[in-house]
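A.B. asks: structure, please.
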Amino acid sequence: MYHAVIVRASAGFSGLLHRRIAMLCICAVVLLLHGCFQWTQLRSASSQPFNGFARVVEDPVAKFGGTQVVVNIEGKRYLALAHSVAGRRMLSSEAGNVLRVEGVRAPLQSTLVRRYASRHIVGTFSVTFTDETILPASPLFRSANKTRSTMLQAARLMPRDDAALFMGLVIGDDRAQPRTMITAFRESGLSHLTAVSGQNVAFVLTVFGSYINRARTWWRLGLTLFLLGWFVVMTRAEPSVLRASMMAAMSAIAFARGRDLSARSALLYSVGVLLAIDPLLVFSIGMWMSSLATSGLIFITPWLKKLLRGPQWFTEPLSTTLGAQLGVMPVSLFIFSSAPAVSLVTNLLAVPVAGFVMLVGMPVAFICGLLITMFGPAVSPLCELAMLPIQFGTRWVWWVAAVGERISPQGIANVWLWAVWTAFLVVLHRSARMHS
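C.D. replies: Here you go, the predicted model:
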């Protein structure tokens, strides 16, 4: 009797396992076909001239003596370049706007297809004419663009480079940052601060959380999802913010249903869903860096917290920084051929201050920008005073990056510094065990 029950249970479990494996195989095949279809679309650029309306996909950038912008023409994305009057008119547009343009389309060079794959760019567009009339975007884009321009009004009260870095820290807009600043942040291991990620999403939810939490469960969920979607639009749907917002959305849905979703499950599901929707994200360096940094925080940081003993004010940020750095190290070595060891110090010095700039800077800049828009230059001295602590914080982060770049060792010296850090952590762990 017991033997028959065991046999039936085993058969049922085996059947269930086989069904799950079959479903996984079917999903894998569907995703593979979807990815192949998306890849073939990158080769479907037209070579014909175009005269009509194009939607601006990404904010324009002054580049190559003109204006470079990604536009959507007849359902396909092109990397447009305009000079002279046409370039100046395009430079005044924003993501979501619609322009009437004339120009010539061309497919991408084969060597550039993979580089632009994650942005779904299929070709280039040489602009010869741009109409001066800019048609408005959708209400969602208009609200996001208005918020960005309002914050920029306050940011302009700071020196130019500080304002550029502030906008990068808060909403990931690094278009105005000079090349020297971008290089300094990369060489010092702080480039992640100017890419919107989970920290920015957490701060936005913190700012609006006191109002959202007053609503009932399902209203709270709806407001949270709307806020996340609006923030994604405002930050131009960078892969890192897509990953962070998807994790936050899944956690919010699980909470509304009375379930607990672990961080590792949220990361796994969010990456899986994003790749299912857009398989070309696999070519995005930002997606890899963001996902691996989060993996380091989830899997490596808790282990380091148990391993390292000492004052909590020291071991907590050290474990967090080291976990994230170890997580992104494979991609950093493969793509950039470097993993600056000085990043352990620069992150410890810059990240807390950058967090203050993100958390306080967004509401203060929005309020100051709103006051300047309503009352004009008369309130500028008051807004300058309000923005002063944020300017000091921004300048501190910039100073840490600049000094970090100067003292960052290269080549074998960088390897030796990583060895020194490893030896220091081992000594710290052993000394703590001996005292305990």
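
A.B. asks: all helices of the stretch 301-436 of the chain, in order?
C.D. replies: 301-307, 312-336, 343-375, 380-407, 412-435 (DSSP state H, counting those that start in this stretch).

A.B. asks: Val30: which of those is closest?
C.D. replies: helix 312-336 (27.4 Å; CB to CB). Glycine gets a C-beta too; all of them are placed from N, C-alpha and C.

A.B. asks: what comes up buried for that closest one?
C.D. replies: 315, 318-328, 331-332 (16 or more other CB atoms under 10 Å).

A.B. asks: greatest separation within these: which pair is it?
C.D. replies: By the measure CB to CB, Thr315 and Val331 form the most distant pair in the buried residues of helix 312-336, at 26.0 Å.

A.B. asks: ok so, going back, how about the buried residues of helix 312-336 in JSON lines, adding distance to Gly229 and pLDDT?
C.D. replies: Below are the buried residues of helix 312-336 laid out as JSON lines (distance: CB to CB, whole Å; pLDDT from 0 to 100):
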{"residue": "Thr315", "distance to Gly229": "37", "pLDDT": "80"}
{"residue": "Leu318", "distance to Gly229": "35", "pLDDT": "84"}
{"residue": "Ser319", "distance to Gly229": "33", "pLDDT": "87"}
{"residue": "Thr320", "distance to Gly229": "28", "pLDDT": "87"}
{"residue": "Thr321", "distance to Gly229": "31", "pLDDT": "86"}
{"residue": "Leu322", "distance to Gly229": "33", "pLDDT": "87"}
{"residue": "Gly323", "distance to Gly229": "29", "pLDDT": "88"}
{"residue": "Ala324", "distance to Gly229": "26", "pLDDT": "88"}
{"residue": "Gln325", "distance to Gly229": "31", "pLDDT": "87"}
{"residue": "Leu326", "distance to Gly229": "32", "pLDDT": "87"}
{"residue": "Gly327", "distance to Gly229": "27", "pLDDT": "88"}
{"residue": "Val328", "distance to Gly229": "27", "pLDDT": "87"}
{"residue": "Val331", "distance to Gly229": "28", "pLDDT": "83"}
{"residue": "Ser332", "distance to Gly229": "31", "pLDDT": "83"}
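
A.B. asks: any idea which of those is closest to Thr124?
C.D. replies: For those, with Thr124 as the reference and CB to CB as the criterion, the closest is Val331, at 28.0 Å.

A.B. asks: got any ranges where this structure has weak pLDDT?
C.D. replies: Applying pLDDT under 70 to the chain flags the ranges 1-18, 20, 429, 431-436.

A.B. asks: what about the strands in it?
C.D. replies: 49-56, 61-63, 66-73, 76-82, 98-107, 121-135 (DSSP state E).

A.B. asks: quick one: which of the ones you listed is nearest Gly361?
C.D. replies: strand 61-63 (23.0 Å).

A.B. asks: on contacts alone, who are the packing partners of the closest one?
C.D. replies: Contacts defined by 3 or more CB pairs under 8 Å, 6 or more residues apart in numbering; DSSP states H and E place strand 61-63 against strand 66-73.

A.B. asks: got the angle for the strand it packs on vs strand 98-107?
C.D. replies: 90 degrees (axes from the mean of the first three to the mean of the last three CA atoms, to 10 degrees).

A.B. asks: contacts for strand 66-73 next, please.
C.D. replies: Here strand 66-73 makes contact (CB atoms under 8 Å, 6 or more residues apart in numbering) with 50, 52, 54-62, 77-84, 86-88, 90-91, 93, 99, 101, 105, 119, 121, 125.

A.B. asks: ok, Phe53 touching Glu102?
C.D. replies: No: with contact defined as CB atoms under 8 Å, Phe53 does not reach Glu102; the gap is 11.0 Å.

A.B. asks: ok now stretch 133-147, how far from the chain's centre?
C.D. replies: 21 Å (CA atoms, centre = their mean, to the nearest Å).

A.B. asks: residues of that stretch that come out buried?
C.D. replies: Of all the residues in stretch 133-147, those buried under the rule 16+ other CB under 10 Å are Ile134, Ala137, Phe141, Ala144, Asn145, Thr147.

A.B. asks: next one: stretch 210-226
C.D. replies: Ile212, Arg220, Leu221, Leu223, Thr224, Leu225.

A.B. asks: also stretch 271-290?
C.D. replies: 271, 274-275, 278-281, 283-284, 286-290.

A.B. asks: what does stretch 195-209 give?
C.D. replies: Buried residues in stretch 195-209, defined by neighbour count with 16+ other CB under 10 Å: Ala195, Val196, Ser197, Gly198, Gln199, Asn200, Val201, Ala202, Phe203, Val204, Leu205, Val207.

A.B. asks: the second one touches Thr235, doesn't it?
C.D. replies: Yes: between Val196 and Thr235 a contact is recorded at 4.5 Å, counting by CB under 8 Å.

A.B. asks: residues shared between the contacts of those two?
C.D. replies: Ile171, Gly172, Val241.

A.B. asks: quick one: which of these sit in helices?
C.D. replies: If you go by DSSP state H, the shared contacts of Val196 and Thr235 have Ile171, Val241 in helices.

A.B. asks: include neighbour count when you put the shared contacts of Val196 and Thr235 into TSV, please.
C.D. replies: Output for those, formatted as TSV (neighbours: other CB atoms under 10 Å):
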residue	neighbour count
Ile171	27
Gly172	20
Val241	25
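
A.B. asks: done for today, thanks.
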